[in-house]
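Enquirer: How does the following fold in three dimensions:
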Amino acid sequence: MTLNRRHFSARLLAAGAAVAGLCAKTSWAAAYNKGKPVRLLVGFPPGGGTDAIARLLAEKMKDSLGTSVVVENKPGAGGQIAAQLLKASPADGSTFFVTHDHTISILPQVVRNPGFDPHTDFVPVAGFASFVNALAVPSGLGVKTFDEYLQWIRKQGGKSAVGIPAPASTPEFLVQVINKRFQTDLVSAPYRGSAPMLADMMGNQIPAGIGSVQDFIESQKAGKIRVLAVLGGKRQALLPDVPTFGELGLKGLEDMPYYGMYAPAGTPAEMVNEVSQAVAKAVAAHDVHEQLVAMGLSVGYMTLEQLLAREKAYTGVWQRIIHDSGFKPQ
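Expert: Prediction:
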């Protein structure tokens with residue numbers, strides 16, 4: 001599946017319109033939802049990285065919007081269930097969606113009928129962070145480097161399982177790229193989010209997992225897992241001793257995934273803009289910024305246009321990888 005350029009251009013124009021002709025600002029509660037809570041949908045279970053990020057944003061955004069902001073978890077299918085719910089939600093400023101690259105850039109390429117089209121059913125609100133994925137193993141596996149992990153795999157006859165947070169996700173395609181580059185026979189084991197995958201890793205139920213650094217960092221600090229390699233163009237500040245896959249000989253995976261917030265198509269421009277500014281204030285707050293950085297995120301507010309450009313670039317990278325893998329939309 002290719003990214004439709006006309007759809008992208010249309011979304012960019014719509015996003016630009018969202019910041020034009022704004023009226024004088026008033027309390028969100030008074031002007032829009034009469035004090036009703038604003039919902040932030042999350043397509044993954046409580047306890048995972050996306051959930052934690054959404055809750056940090058919600059706590060700060062309530063001050064800017066003048067009303068409560070609640071996180072509503074709708075896990076399943078890599079964010080697909082939450083995305084479908086966003087599409088079906090009224091475009092009245094009551095519902096938004098906090099998600100990462102998988103739902104927006106990957107799902108439309110790997111699912112024949114995902115039940116939503118991000119280019120026509122959603123309006124981008126703001127981006128606020130990027131991150132990298134990583135390969136980790138339980139500490140009980142007894143390996144300390146990626147080379148030692150490869151040696152361990154070969155002792156298993158070249159075959160082993162690798163947990164991934166969702167089927168047909170970038171971690172699953174990364175498993176295929178690793179197999180091709182290092183002549184292994186790793187098999188993806190899909191989970192419903194990173195939290196259950198991590199629990200099985202720490203319980204030594206699965207010998208490896210691929211997920212985001214923010215999902216792994218606390219368990220790494222606690223000595224329960226060991227991160228062996230990260231994606232991205234440079235080593236991570238929180239993991240200075242962990243090499244990139246590029247250093248290990250796996251090039252072309254330097255583009256970083258992103259986090260963003262979306263609204264149902266048709267949400268009034270002034271509402272989109274006000275929530276976008278609430279996101280900007282939230283991530284600029286010292287306490288929120290520090291907590292997000294501590295999770296392993298590269299924090300930075302992205303305008304509507306910047307989020308769309310980021311989305312387009314990332315989609316293009318994985319479009320080529322997915323095509324080369326021979327994967328057919330299911």
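
Enquirer: What's the local residue count around Pro167?
Expert: 17 (other C-beta atoms under 10 Å). Heads up, the C-betas are built off the backbone N, CA and C, glycines and all.

Enquirer: That one should be in a strand, yeah?
Expert: No - according to DSSP: H, G, I helix; E, B strand; the rest coil, Pro167 belongs to no strand; its state is coil.

Enquirer: roughly how far apart are the closest residue in space to it that isn't next to it in sequence and Arg55?
Expert: Spatial nearest neighbour of Pro167, chain neighbours left out: Pro190 (3.9 Å); criterion: C-beta to C-beta, 6 or more residues apart in numbering. In this view, Pro190 and Arg55 are 25 Å apart by C-beta to C-beta, to the nearest Å.

Enquirer: which residues touch the most centrally placed residue in the chain?
Expert: By C-alpha atoms, centre = their mean, the chain has its centre lying nearest to His100, at 2.5 Å. Applying C-beta atoms under 8 Å, 6 or more residues apart in numbering, we find His100 in contact with Thr50, Gly79, Phe131, Ser212, Pro257, Tyr258, Tyr259, Gly260.

Enquirer: is the fourth one in a bridge, and if so with what?
Expert: Which is Ser212. Ser212 forms beta bridges with Asn133, as assigned by DSSP bridges.

Enquirer: For it, give me its contacts.
Expert: Contacts of Ser212 (C-beta under 8 Å, 6+ apart): Gly49, His100, Phe131, Val132, Asn133, Ala134, Ser194, Pro257, Gly296.

Enquirer: where does the stretch 1-150 of the chain dip in pLDDT?
Expert: 1-35 (pLDDT under 70).

Enquirer: just the helices in it please.
Expert: 5-17, 28, 49-65, 80-88, 101, 107-110, 118-121, 146-155 (DSSP state H, counting those that start in this stretch).

Enquirer: if we can go back for a sec, I'd like the contacts of His100 written out as JSON lines, with distance to Trp318 added.
Expert: Output for the contacts of His100, formatted as JSON lines (distance: C-beta to C-beta, whole Å):
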{"residue": "Thr50", "distance to Trp318": "18"}
{"residue": "Gly79", "distance to Trp318": "15"}
{"residue": "Phe131", "distance to Trp318": "15"}
{"residue": "Ser212", "distance to Trp318": "15"}
{"residue": "Pro257", "distance to Trp318": "9"}
{"residue": "Tyr258", "distance to Trp318": "12"}
{"residue": "Tyr259", "distance to Trp318": "16"}
{"residue": "Gly260", "distance to Trp318": "16"}
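
Enquirer: Relative to Asp287, which of the residues you listed is nearest.
Expert: Tyr259 (18.0 Å; C-beta to C-beta).

Enquirer: which other helices and strands contact the longest strand anywhere in the chain?
Expert: In the chain, with assignment by DSSP state E, the single longest strand is strand 122-130. Using 3 or more C-beta pairs under 8 Å, 6 or more residues apart in numbering; DSSP states H and E, the elements in contact with strand 122-130 are helix 5-17, helix 80-88, strand 258-264, helix 269-284, strand 298-302, helix 304-325.

Enquirer: for these, which one ends up most surrounded?
Expert: strand 258-264 (a mean of 25; mean count of other C-beta atoms under 10 Å).

Enquirer: The longest strand of the chain: partners in the sheet, and parallel or antiparallel?
Expert: For strand 122-130, pairing defined by DSSP bridges yields strand 258-264 (antiparallel), strand 298-302 (antiparallel).

Enquirer: As TSV, those with distance to Leu174 and mean pLDDT would be great.
Expert: Output for the strands paired with strand 122-130, formatted as TSV (distance: least, C-beta to C-beta, whole Å; pLDDT from 0 to 100):
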stretch	distance to Leu174	mean pLDDT
strand 258-264	17	97
strand 298-302	19	95
